[in-house]
Structure formats: structure tokens, C-alpha cells
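Undergrad: After the sequence you'll find the predicted model.
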Amino acid sequence: MGGRPRRRGTRQSVTKSEVGRDLNQTSGTIITGKGHTFHIGSPRILMVLSVVSTVLAVTVIGGFMVLRRSDAHTDAHTSVTVPPKAVVTFDEVGDNSVVPMAPGHLPSPPDYPPADENGHCQEWKSWFDRLAGAPITKSRPIRISAPAHANVEVVSAKPTVYRSYKPARLTLVRCQGAGPKPGTLLRIDLDHPVAPPTVVADDGSEKPLRMPNATIAINAGHTEYVAVTPRAAAAKMVEWSVRITMVIDQKEQVVNYGSAGRPLRNWFGPPPPAQDWDQARRTWT
């Protein structure tokens, strides 16, 4: 289920509140427990707050060991704050893909277990990337988990186009993909990257709302899917990325999906001739 589209005219300010867990740490492992936050560096102690009970939160940031409690707060003696953040996961699931080469030029794909004969797109995903392939499904699902005590609002999505071209030959390589995941549609225009994106809820209303007057709201402690869905004129391959901006506890959090070195790809046009791999005979059919 996706987040709720919200018109900016009725948007309320996100009030500060304590967050139960900061799950967006990528530099170490955090185990939450009661106690105060304190930072320990070598060779001297940088900051120590009084400990009321055992502290179990441990991570390493910038060469320093950091112990922190799970609740975001502001301490009256030090003014140290731990802002809440959303946990954002890009669900890059493999899918049947359009590859920019002729059927007769396709190399052999990676082997997959016999049990995956009816669904082996995930095993081939890295191989599709190496061939500059584009999944046949246009939407790119993003999973957003709000902090325990702070709402999340997705307020903007800005695409960047790195390359747009029409391949001389194309092949649709089938791997029995699972298809798109449901979620709130966030539509972006790759022909006009500065155009405001539109939001369409997954509640069947199919009524697009335009950003920035509309946002996607995710309640505290909840996880929702947002389906970033690009569009462009037909008959071309586009390499692109998107910059997503969220507001949490009155502060912005920005994430990027795709990059110049590892772009997202989409084919906008009719499906080309399809090929299946016969693993037993080691040939394309």
C-alpha cells in the first residue's frame, strides 16, 4: 500500500517528537538500550553525559566510537540532538528486460538453479545491467519506512537525464519477471525534467495531483511503497536518475536513485522480438 497523497494547502507542520529508533545508520551496527548519548574518541574523551543505565547502542562514525540511546532528544546541558530519519530502500527487482542488441548477438546468460526455471530474473539482474538492458516494467519501487515518532512527507522528485538514444537493434529477454509492486505512483517526465511530478494514489481514484501542491504522506512507524514512474516520447532508450526530497520533523532528507555511473534505464516503445534461454541446450530460442 502506498502513502496518502496530500494537498499542500492542507499540509500541517510536522512537529518535533522523539524517535524510537534511528534505523538509517549505514556506518555501523546499532543496538538500542536505555541511557544517554555520549561520544568517545581517541586519545581523549570528546563528550560524556551521565549514564542512568546500561548503554547498548554502538556504531563507528568518522573513526570515533559513538554510543547512543534510541530516543532522539535535546539534552539541556549539551544541546546535542539526534534527528529522526526515514529508512529508504530501492527495491531493484529483476524483470524481463529490453537489451540493445540483435537476438543473434546475445551472449550466454548466467546459470540459474533448476528450481528457478519459471522465475530467474533476479539471478540475471547484474547481467542485464552489464548489457545496458532496461526492465520492461516502467515503475521503480521505493520502500520508505517512517521513524517511530515522526511522519514523513515526500515533497519533490527531480529527474536527471544522462543519455537518450534509439538503439539500432533490440531484443526482449524473458526471464519470467514478477511484474510491478503496488504503491503510490510518482510520475516524472524525462522529456521535461523540470516539469513538476504528479502523484496518483493506489486507492483506485486515478486522479493525478501535481507537486509541490501535493505531497505523499507516510505516518510515523509505517512503511509504504512509492512507485517512481517515468514517461517519455516513444521509441528511445533513456538513462536517468531521480533525486527524492522528504521532510521529517521539519528537516529535509534527500536520497538519490541512480547515478551517472550506474543509471536507471527505460525503453519507451513497443516490445521488440523476444528470446528465451534454453539452459539445457545452451541456446536462445
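TA: Noted; the coordinates are in hand.
Undergrad: Contacts only, for the closest residue to P100 other than its chain neighbours.
TA: Here the nearest residue to P100 in space, its sequence neighbours aside, is P167; by CB to CB, 6 or more residues apart in numbering that works out to 3.7 Å. Glycine gets a C-beta too; all of them are placed from N, C-alpha and C. By CB atoms under 8 Å, 6 or more residues apart in numbering, the contact set of P167 is P100, M101, M237.
Undergrad: count of neighbours near D276?
TA: For D276, the neighbour count with other CB atoms under 10 Å is 13.
Undergrad: thought it was touching T285?
TA: Yes. Using CB atoms under 8 Å, D276 makes contact with T285 at a distance of 5.3 Å.
Undergrad: still on that earlier bit, V93: which of the contacts of P167 is nearest?
TA: Of all the contacts of P167, M237 has the smallest distance to V93: 20.0 Å, by CB to CB.
Undergrad: mind checking how far that closest one is from R169?
TA: Here the criterion is CB to CB, to the nearest Å. By it, M237 lies 12 Å from R169.
Undergrad: ok, these two, which is more surrounded?
TA: M237 (21 against 13).
Undergrad: shouldn't the more buried one be in contact with N266?
TA: Yes. Assessed by CB under 8 Å, M237 is found in contact with N266 at 7.4 Å.
Undergrad: what touches both of these two?
TA: A134.
Undergrad: Can you show me the helices along the stretch 101-250 of the chain?
TA: Counting by DSSP state H, counting those that start in this stretch, the stretch 101-250 of the chain has these helices, from start to end: 121-130.
Undergrad: residue ranges for the strands of the stretch 101-250 of the chain, please.
TA: 134-135, 140-145, 152-165, 171-173, 184-189, 198-200, 209-210, 214-218, 223-231, 236-248 (DSSP state E, counting those that start in this stretch).
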